[in-house]
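Novice: Show me how the following folds:
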Amino acid sequence: GPMIVIDRPVTLATALITLLALIFYIWTGISVARARGKHGVKAPTMTGPAEFECAVRVQANTLEWLVVFVPALWLATVYFSPSMSILYLSWLPPVLGAVWIVGRVIYKSGYMTAPEKRETGFVISTLAALALIICALIGIFITWSAVSAV
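Specialist: Next comes the predicted model:
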């Protein structure tokens, strides 16, 4: 029968990670709004003092990466996690999701301190997203093989 994954603990963890990622993204938007107010940068202007422009770039870059992160996280959770016979490996997607969020927090903190300090967080979150894509590919391959063998 069809795999039911919605109520699995791993899936619930991924749901929570997804919400935390969205809350983090909302926080980046609030940071832009605060910087607008603090520096009097009226919409639709996207340039201004460095603090404002850094906040705008953090928000924009986070949005750019959410497009990669969210589908990769869920594809890895739906295909990789159930196909892992070693239980702790099935937790890899939500753990990588948490690492991605931590990386984004470090990225935001670094970027807001000085743009050249954004690299560590960027590398952490990028590697986590790429690892999720690899997990998704492995899970899809394993699942496809199992379906083809029937």
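
Novice: any idea which residue sits dead centre in this protein?
Specialist: Centroid-nearest residue in the chain: Phe69, 4.3 Å away (criterion: C-alpha atoms, centre = their mean).

Novice: how many other residues sit next to Ser148?
Specialist: Ser148 has 7 neighbours, counted by other C-beta atoms under 10 Å. All C-beta atoms are positioned from the backbone trio N, CA, C, and that covers glycine.

Novice: repeat for Phe122
Specialist: The burial count for Phe122: 17, using other C-beta under 10 Å.

Novice: how near is Asp7 to Leu127?
Specialist: Applying C-beta to C-beta, to the nearest Å, the value for Asp7 to Leu127 is 30 Å.

Novice: ok, the two, which is more surrounded?
Specialist: Per other C-beta under 10 Å, whichever of Asp7 and Leu127 has more neighbours is Leu127, with 14 against 7.

Novice: still on that earlier bit, now the residue nearest to the centre of the chain. Nearest residue, chain neighbours left out?
Specialist: Once flanking residues are discounted, Phe69 sits nearest to Ala129: 5.1 Å by C-beta to C-beta, 6 or more residues apart in numbering.
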